[in-house]
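Engineer: when you get a sec, could you give me coordinates for this:
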Amino acid sequence: MSRKILYITGTRADYGLMHSVLDEMNRNPNIDLEVVVTGMHLMEEFGSTITEIERDGFKIHTLNAVYQNDDKFSMSSFVGKFIELLTNALKEIKPDLIMLLGDRGEMLAGAIVGAYLSIPTAHLHGGEITSTVDEYARHAITKLANLHFPATEKSAERIIAMGEDPSHVFTVGAPGLDAILNMDLIGKEEIALKYGLDISKPIILMLQHPVTLESENSAHQISETIKAILNLKYQTVLIYPNADAGGRSIIKLIKQYENLPFIKLFKSIPRKDFLSLMNITSVMVGNSSSGIIEAPSFKLPVINIGSRQKGRERALNVVDVGYDAQKIENAIKFVLNDAEFKERLKSCKNHYGDGNASKRITEILTRIELNEKLLEKGIKV
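Structural biologist: Below is the predicted model of the structure:
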């Protein structure tokens, strides 16, 4: 008898990271996979990325919770509305297990609903350290989840230190690496042609999200990065931020420059295109977790700006800078021109896995017993 597993997705980012896991589970005859789609996927201003999920052919359930405004109240309201919608939807879906990834509001909501309805939950990428409200949400999900799939041994140690049962913690690696190591990426010439890029010249891939604890400063923070980009005038692929508080302030500012000849602005980019662009990019700029977790696999230098990724394990490809245009510009020039750094980059290793996370997760989910013992949680005293 197959198990019904429900995955919740609210952003292009989590869906892209989970895609290889969803594919692996969908092929397994012992798993009946369904997907709840909500949040940014349903918002035209962020690219209406539900269309990508529909094309992939998974059985989906659309729950219409979105971020109404560019503030923290909207983020909180989103979580509340999604809890209500998901609770009602689960009366019909009746999953045996709910899958969650990371630290966003829809994932926290899924963990809360699973706990109250006695439906076991499995959580990927727990135990990591960053800043923003994501930090609160990630650790709260850990305390609500029943199975844990951390990406690294250090993350696993933190989860166990939080009181979770070691027999329910499985270090599997980051599923986002599976696609990098196993997918046929688009050829360099082809992806460059598609996005109008010249691979003989420097290419910047820029993705900078708001920081919720600093959301009132979002416009200033992105303006410092943009100043550096304008000074350098390198061809730049610029992608919209997420819908957290301050995201729309960032969008309002970056849209002022969308007609400059060296800037190419996109609401969203399909996962395969995004990874293929990383493969031809000279330097990644911003504060996306993809610069920390995925970029090392491409030996791609990353200028990580500000506090959003503070504390996250990182490789030697990452150069941290503050919200200062001159320092950002200097850092970009450094990674592109410093011979010693470029030589070190050749030995860059990715700490987040070996590209087999999907197979490990699917194998565990097909054999582990989903029983009362799994639902029992407590702190060892």
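Engineer: contacts and neighbour counts: CA atoms only from here.
Structural biologist: OK.
Engineer: would you confirm that T366 belongs to a strand?
Structural biologist: No - if the criterion is DSSP: H, G, I helix; E, B strand; the rest coil, then T366 is helix and not within a strand.
Engineer: show me what contacts it?
Structural biologist: With contact taken as CA atoms under 8 Å, 6 or more residues apart in numbering, T366 is in contact with R3, N30, I31.
Engineer: wait, F298 sits on T281?
Structural biologist: No - counting by CA atoms under 8 Å, F298 does not reach T281; the two are 9.3 Å apart.
Engineer: of the two, which one has the most company?
Structural biologist: T281 (24 against 21; other CA atoms under 10 Å).
Engineer: and that one, how far from A140?
Structural biologist: T281 sits at a distance of 36 Å from A140 (criterion: CA to CA, to the nearest Å).
Engineer: who touches stretch 314-334?
Structural biologist: By CA under 8 Å, 6+ apart, stretch 314-334 touches 221, 224-229, 231-232, 283, 291-293, 295-296, 299-307, 344-345, 348-351.
Engineer: out of the residues you listed, name the ones that lie in strands.
Structural biologist: Using DSSP state E, the subset of the contacts of stretch 314-334 located in strands is V283, V302, I303, N304, I305.
Engineer: need those residues in JSON lines (columns: pLDDT).
Structural biologist: Below are the ones in strands among the contacts of stretch 314-334 laid out as JSON lines (pLDDT from 0 to 100):
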{"residue": "V283", "pLDDT": "98"}
{"residue": "V302", "pLDDT": "98"}
{"residue": "I303", "pLDDT": "98"}
{"residue": "N304", "pLDDT": "98"}
{"residue": "I305", "pLDDT": "98"}
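Engineer: most neighbours among these, which one is it?
Structural biologist: With neighbours taken as other CA under 10 Å, the top of the ones in strands among the contacts of stretch 314-334 is V302, carrying 30 neighbours.
Engineer: tell me the spacing between that residue and E135.
Structural biologist: Distance from V302 to E135, counting by CA to CA: 22 Å.
Engineer: returning to what we had before: okay if I get the contacts of T366 as TSV plus neighbour count, pLDDT and distance to A357?
Structural biologist: Putting the contacts of T366 into TSV (neighbours: other CA atoms under 10 Å; pLDDT from 0 to 100; distance: CA to CA, whole Å) gives the following:
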residue	neighbour count	pLDDT	distance to A357
R3	16	96	20
N30	16	96	18
I31	18	97	17
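Engineer: and T152, how many neighbours?
Structural biologist: T152 has 21 nearby residues by other CA under 10 Å.
Engineer: is it in contact with V169, as I believe?
Structural biologist: No - counting by CA under 8 Å, T152 does not reach V169; the two are 11.1 Å apart.
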